[in-house]
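1. Mind looking at a prediction? Sequence and model below.
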Amino acid sequence: MAAMYVDIVTPDDAALPGALLTEITEVYASAQAFHELTGDFPDAGDVRVPQVAAALADELSVPGSVVHLARVRGELVAVAVTLDRHPADPDDPDPWIGLLLVHGERRREGHGRALADHLAARFREAGRTGLRLAVLDADTGALAFWRALGYTPIDHRPDLRRGRESTVLRRDLAAPGDGRAEAATEGAASTDDA
């Protein structure tokens, strides 16, 4: 796999240019099965730029949120959203992965694992000791993906948005290199939901 370059968008950044929003929308639109599970878009088979712009604005309205844009050879292959802290649990010390989507045409190439490892390294370097996310129980592929990367279930609860059953997973960041096993599948996680 060619080297991955990850750029970030923070709440302080100006509005995203139209061409970039179109690229991001292509990644979102390629995840139809995931959006059918989440119900985040009215028509999972017809995700449009204004809808993705609104979703990103919602994500970036949360203090400490960052959007990560992963590119390989200039092509946007994955998008992730991280949160410095869980927005509804001030006692939770860990950052969260709120979303990780790999472009549908680029799955099974290691991009999801590479971006997940990049995010873990970023938080480890910042002195954080764990990283959490939540996966809808119905998304068995995503659960397998994250477990293969060393995330372990620590809680089971309804998500914040729609009350859907979700599994909360955590990865210990104390030792670099943990959780680099090949993933069974590259899935998506939505932790805004837990």
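-> Structure received. Numbering: from 1, shown residues only.
2. So for the lowest-mean-pLDDT helix or strand in the chain, could I get the coordinates as PDB, restricted to C-alpha?
-> In the chain, the helix or strand scored least confidently by mean pLDDT, DSSP states H and E is helix 32-38, which has a mean of 90. Taking C-alpha atoms only, helix 32-38 is exported to PDB below (Å, rounded to 0.1, in the frame of the first residue of the first chain):
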ATOM      1  CA  GLN A  32     -24.700   2.900   1.500                       C
ATOM      2  CA  ALA A  33     -25.000  -0.200   3.700                       C
ATOM      3  CA  PHE A  34     -23.600   1.700   6.700                       C
ATOM      4  CA  HIS A  35     -26.000   4.600   6.200                       C
ATOM      5  CA  GLU A  36     -28.900   2.100   5.900                       C
ATOM      6  CA  LEU A  37     -28.000   0.800   9.300                       C
ATOM      7  CA  THR A  38     -27.600   4.300  10.900                       C
END
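3. which secondary structure elements does it contact?
-> Contacting helix 32-38 under the criterion 3 or more CB pairs under 8 Å, 6 or more residues apart in numbering; DSSP states H and E is no other helix or strand. In this view, the C-beta of every residue, glycine as well, is placed from N, C-alpha and C.
4. Tell me the gap between it and the middle of its chain.
-> 14 Å (CA atoms, centre = their mean, to the nearest Å).
5. Buried ones in it, by neighbour count?
-> Residues of helix 32-38 classed as buried: Gln32, Phe34, His35, Leu37, Thr38 (neighbour count, 16 or more other CB atoms under 10 Å).
6. ok, now stretch 78-93?
-> By 16+ other CB under 10 Å, the buried positions in stretch 78-93 come out as Ala78, Val79, Ala80, Val81, Thr82, Leu83, Asp84, Arg85, His86, Pro87, Asp92.
7. about what we covered before: between the buried residues of helix 32-38, which is closest to Glu125?
-> Closest approach between the buried residues of helix 32-38 and Glu125, by CB to CB: Phe34, at 29.0 Å.
8. next structured bit after the least confident helix or strand of the chain?
-> Sequence-wise, the next helix or strand downstream of helix 32-38 (DSSP states H and E) is helix 49-60.
9. now that following helix: mean pLDDT?
-> Averaged across helix 49-60, pLDDT comes to 93.
10. Other residues contacting the following helix or strand past that helix?
-> Heading C-terminal from helix 49-60, the first helix or strand you meet, by DSSP H and E, is strand 65-72. By CB atoms under 8 Å, 6 or more residues apart in numbering, the residues outside strand 65-72 that reach it are 1-11, 20, 24, 56, 59-60, 76-84, 98, 106, 111, 114-115, 118-119.
11. check contacts around the residue lying closest to Pro11 once chain neighbours are set aside.
-> Nearest-residue entry for Pro11: Leu60, 4.6 Å, with adjacent residues in sequence omitted and distances by CB to CB, 6 or more residues apart in numbering. By CB under 8 Å, 6+ apart, the contact set of Leu60 is Val9, Thr10, Pro11, Val67.
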